[in-house]
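Asker: what's the 3D shape of this:
(one chain, ligands or ions: 1)
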Amino acid sequence: MAEVLDGIRIGADALESFVARIMGAAGCAEAEATRVANHLVGANLRGHDSHGVVRVPRYVEWLGKGFVRAGATVEMVTDGGSFVLLDGGFGLGQTVAQQAAQLGITRATENGSCIVALRNAGHIGRAGDYAEMAIAAGLVSVHFVNVAGSVLVAPFGGVDRRFSTAPFSVGVPLPGEPLILDFATSSVAEGKVLVASNGGKPLPPDALIEPDGRLSGDPHTLYGEYPPVGPRDPSAGPGAIRAFGDHKGSGLALMCEMLAGCLTGGGPAGPIGERARIANGMLSIYLSPKHFGTEEEFHRSARAYADWVASSRPAEPSEPVLLPGQPETRTMQSRLREGVPLPHAVWQSIADTAAGLGVASNVRG
Ligand code: NAD
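Answerer: As a prediction, the model looks like this:
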């Protein structure tokens, strides 16, 4: 571990084992604690610090308050064979979403396709993780995700919050590097505002919107007043995050709420109200190219086409055209070598959480 400009770097293995011990002390059995830690550190390794270990204090708080449960198993609500509706029962998202993805993968591998609707999952983290699971089994997958009980994002043309940050992900297995499209339908994920508020990467100046329509890159627009280290309340600020891509991104966010929220029965975005907790919904479609009878041609033509797309002359000569998933792969290669960078405030909040649970640190901040 070495000091960097505005924080520290921690080796991925050490960080993962520390987070696993924290999650264990917070009530998870070893396998679940390891899974959550692996998912969070995996997000950091891929450059998505917003969905990495910065979440640990919130997860521990939610477990303590009973907002999420350790050791959950998804409940089968409807089994239509080629489609299922599962209830996550507010289990830890990394547990119940992984179970849901595994079921979809197993059925699509047997039958060619499967649609899995999951509701009432704790925070599932990086949606691309589930696309990666499908890719590992040779499957294409599409994931619409929403966050019931969260309302952070203003629709195109509006200033009042109406959507969650509702991520969308598509995974395509290919020879060589797969394609993994995975983004929030907000201009930035809420976690990126969290990271910026903790002294990490600043937000673009037009990521947020004030109640009077002024654009802002200041995390206070979303969180209101907050201390340098400590919890952030995304319901406390006067403004909103903007939807990405004007009317098109705003429309995709609406469809995530429709499919992952309304169709699953978990509910769309909205004030937390009597729910007292947020929950992810996810509608996933798993497709097996082998069963379509086109796997060989698909691999050939999709690889050739993706390579042709990437060969477009760069607008900036020093910045080649990248395909979805490539920035994450590159960041992972360097972070595995150099360690995961954490702003001091993020590290301090994790260390405080560990100390509160009596977990000794195996790394020094
Ligand atoms: P982002 O804006 O960084 O976009 C990431 C996507 O864009 C990836 O597919 C990446 O490969 C691609 N990409 C990035 N730069 C590229 C380039 N130069 N050329 C080509 N492609 C490029 O992601 P985000 O919106 O900040 O989302 C971050 C994470 O937050 C995602 O993993 C998402 O699933 C997660 N998220 C989760 C929830 C939840 O409730 N669980 C909510 C919101 C977001």
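Asker: okay, and P341 sits in which element?
Answerer: Assessed by DSSP states H and E, P341 sits inside strand 340-343.
Asker: and that strand, how far out from the chain middle?
Answerer: Remark: strand 340-343 is offset 18 Å from the chain centroid, using Cα atoms, centre = their mean, to the nearest Å.
Asker: swap in stretch 136-148?
Answerer: 11 Å.
Asker: what do you get for stretch 205-212?
Answerer: 23 Å.
Asker: kindly report the same for stretch 315-328.
Answerer: 22 Å.
Asker: about what we covered before: quick check: neighbours of the strand holding P341 in the sheet, parallel or antiparallel?
Answerer: strand 7-10 (antiparallel) (DSSP bridges).
Asker: give the buried residues for the helix or strand following the strand it pairs with.
Answerer: Where DSSP H and E defines the elements, the next helix or strand beyond strand 7-10 is helix 12-25. Buried residues in helix 12-25, counting neighbours by 16 or more other Cβ atoms under 10 Å, are found at 12, 14-25. Glycine gets a C-beta too; all of them are placed from N, C-alpha and C.
Asker: for helix 12-25, list the C-alpha coordinates in PDB.
Answerer: Output in PDB follows, covering the C-alpha atoms of helix 12-25 (Å, rounded to 0.1, in the frame of the first residue of the first chain):
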ATOM      1  CA  ALA A  12      -7.200  -5.800  -3.900                       C
ATOM      2  CA  ASP A  13      -6.700  -9.000  -1.800                       C
ATOM      3  CA  ALA A  14      -6.100  -7.200   1.400                       C
ATOM      4  CA  LEU A  15      -9.100  -4.900   0.800                       C
ATOM      5  CA  GLU A  16     -11.300  -7.800   0.000                       C
ATOM      6  CA  SER A  17     -10.400  -9.800   3.100                       C
ATOM      7  CA  PHE A  18     -10.900  -6.700   5.300                       C
ATOM      8  CA  VAL A  19     -14.400  -6.000   3.800                       C
ATOM      9  CA  ALA A  20     -15.200  -9.700   4.200                       C
ATOM     10  CA  ARG A  21     -14.300  -9.600   7.900                       C
ATOM     11  CA  ILE A  22     -16.500  -6.400   8.300                       C
ATOM     12  CA  MET A  23     -19.400  -8.100   6.600                       C
ATOM     13  CA  GLY A  24     -18.900 -11.200   8.700                       C
ATOM     14  CA  ALA A  25     -18.900  -9.100  11.900                       C
END
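Asker: helices or strands up against it?
Answerer: helix 30-45, helix 56-65, helix 344-356 (3 or more Cβ pairs under 8 Å, 6 or more residues apart in numbering; DSSP states H and E).
Asker: any idea how far the residue of the chain positioned farthest from its centre lies from the ligand?
Answerer: Going by Cα atoms, centre = their mean, the residue of the chain most distant from its centre is G293, 32.4 Å out. Distance check for G293 against the ligand: by Cβ to the nearest ligand atom, to the nearest Å, it reads 28 Å.
Asker: again, but for L215
Answerer: Distance from L215 to the ligand, by Cβ to the nearest ligand atom: 18 Å.
Asker: you'd agree that residue is up against P205?
Answerer: Yes. Under the criterion of Cβ atoms under 8 Å, L215 is in contact with P205, at a separation of 6.7 Å.
Asker: please say which of those two ends up with more neighbours.
Answerer: L215 (15 against 10; other Cβ atoms under 10 Å).
Asker: flag every residue of this protein that's near the ligand.
Answerer: 48, 50-51, 123-128, 145, 147, 165, 167, 169, 180-184, 188-189, 192, 280, 322, 324-325, 327-328 (Cβ under 6 Å from any ligand atom).
Asker: in the stretch 51-200 of the chain, which spans are helices?
Answerer: Counting by DSSP state H, counting those that start in this stretch, one finds helices in the stretch 51-200 of the chain at the ranges 56-65, 93-111, 128-136, 190-197.
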